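>>> Predicted model follows, preceded by the sequence.
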Amino acid sequence: MNIIQIIETFFIAVVVAYALSPFIKKAAVKLDYVDHPKDNKVHAHPTPLLGGVAIFLAFSIAVLTKTNLMASGQVKAMMAGCLLLLTIGLIDDKVGMMPELKLLGQFLAALIAIKAGVRAEFLGNYYFNVIFTYFWIIGITNAFNLLDNMNGLSSGIASIAAAFLGVVAYMNGQPMICALSFALAGATLGFLKHNFPKANIFMGDVGSLIIGYILATLSVLISWKTNTWTTSLMIPLLILGYPIFDTTLVTVMRILEGRSIFEGGKDHSSHRLALLGFKKYGAVLVIYFFCLFLGLMGIAVTKVSTFMAMIFGAFAFIVMLSLGVYLSFIDTKRYGRKKGAYNVE
């Protein structure tokens, strides 16, 4: 697969996602897949869900137009895992689902991918690689599920992360993974026009589960060509660093506050940034900036010596740790006293 075909895959996904989203929106309203405002959510008006279906269809159509992509058993397994998560997301968006059942579904989706050979390779030991892959796929899938809390946030971050993964895959001589990455980047970017800065449709759990799963799977399939396993691990950690950062921040703060980590809430980094004075899309744009910063750091790690890679990684870690500490001191209860603070429509 050459660069022209990769670009074609990207634009097919963009066009299909953009064109399908209005039709999916109408279907969501008819099927009563509508997200109504609640105390733990940021939107002020009922908004159709199922945007994730448009993303998945756009990604799938872009992949299917390139038959050589579907020749891979690993890609077929990834698509099967997506269909499982699509089913779980449809149920959850309609009637809700216990966190334990969602976690079981994610475990099964990870199992499908691992059985097809989607496994980390840099830890040396087979069982260590399998265990890491389980935790990685489930963790990143959950991170994007949690991250879907503000207009354009999850889809925009997914588009940026997928593009960086695609660049690294191309640099490593993996055009198939590059094409798959840019297919996802295109699908999320095409949907983003309908979801940001004002949203007329949400992706729902259908979308956030699927894009997290695809990104996690693709990042495992990429051959991270560095001198040590530490720097190899550093690259996907940086490119997908912001979802990991946000999930870690929310988890730590809820544990310290004695709250369940599975409950919804307005205590994510996006909400905390909004309380600093950013309005509507401002907080999301700031997060996009951090995603670009981390992605560029990930690219840099592939091009420098091990020593410099560790310096870059340490710098990125210090920046994000400092941001996390700063955001942790923001009183999120202020949202309850500040009318409209959650309204990002």
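Good, I have the coordinates.
>>> Every contact and neighbour count from this point should use C-alpha atoms.
OK.
>>> Determine how far the helix or strand hosting residue 181 lies from the middle of the whole chain.
In this structure, residue 181 sits in helix 175-192 according to DSSP states H and E. Centroid separation for helix 175-192 versus its chain: 12 Å, with C-alpha atoms, centre = their mean, to the nearest Å.
>>> Mind checking the pLDDT average for stretch 297-306?
For stretch 297-306, mean pLDDT is 90.
>>> And stretch 124-132, by the same measure?
On average, stretch 124-132 scores 88.
>>> Look through the chain and tell me its longest helix.
helix 3-30 (DSSP state H).
>>> Against which helices or strands is it packed?
strand 47-48, helix 51-64, helix 175-192 (3 or more C-alpha pairs under 8 Å, 6 or more residues apart in numbering; DSSP states H and E).
>>> rewinding a little: could you check the angle helix 51-64 makes with the helix holding residue 181?
150 degrees (axes from the mean of the first three to the mean of the last three C-alpha atoms, to 10 degrees).
>>> which residue ranges form the helices in the stretch 201-345 of the chain?
Under the criterion DSSP state H, counting those that start in this stretch, the stretch 201-345 of the chain carries helices at the ranges 204-221, 229-239, 241-256, 269-275, 282-301, 306-328, 334-337.
>>> Downstream of the longest helix of the chain, the next helix or strand is which one?
strand 34-35.
>>> Can you give the strand pairings for that next one, parallel or anti for each?
strand 47-48 (antiparallel) (DSSP bridges).
>>> Please identify the most buried of the helices and strands packed on helix 3-30.
Among the helices and strands packed on helix 3-30, the stretch with the highest mean neighbour count (mean count of other C-alpha atoms under 10 Å) is helix 175-192, at a mean of 29.
>>> how about the CA coordinates for that one, as CSV?
What follows is helix 175-192, C-alpha atoms only, in CSV (Å, rounded to 0.1, in the frame of the first residue of the first chain):
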residue,chain,number,x,y,z
PRO,A,175,1.7,0.9,5.6
MET,A,176,-1.3,-1.3,6.6
ILE,A,177,-1.3,0.0,10.2
CYS,A,178,-0.7,3.5,8.9
ALA,A,179,-3.8,3.2,6.6
LEU,A,180,-5.9,1.8,9.5
SER,A,181,-4.8,4.7,11.7
PHE,A,182,-5.6,7.3,9.1
ALA,A,183,-9.0,5.6,8.5
LEU,A,184,-9.8,6.2,12.1
ALA,A,185,-8.4,9.7,12.1
GLY,A,186,-10.6,10.5,9.0
ALA,A,187,-13.7,8.9,10.6
THR,A,188,-13.4,10.9,13.8
LEU,A,189,-12.5,14.1,12.0
GLY,A,190,-15.6,13.8,9.7
PHE,A,191,-17.8,13.3,12.7
LEU,A,192,-16.1,16.1,14.6
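>>> avg pLDDT for that helix?
So the average pLDDT for helix 175-192 ends up being 96.
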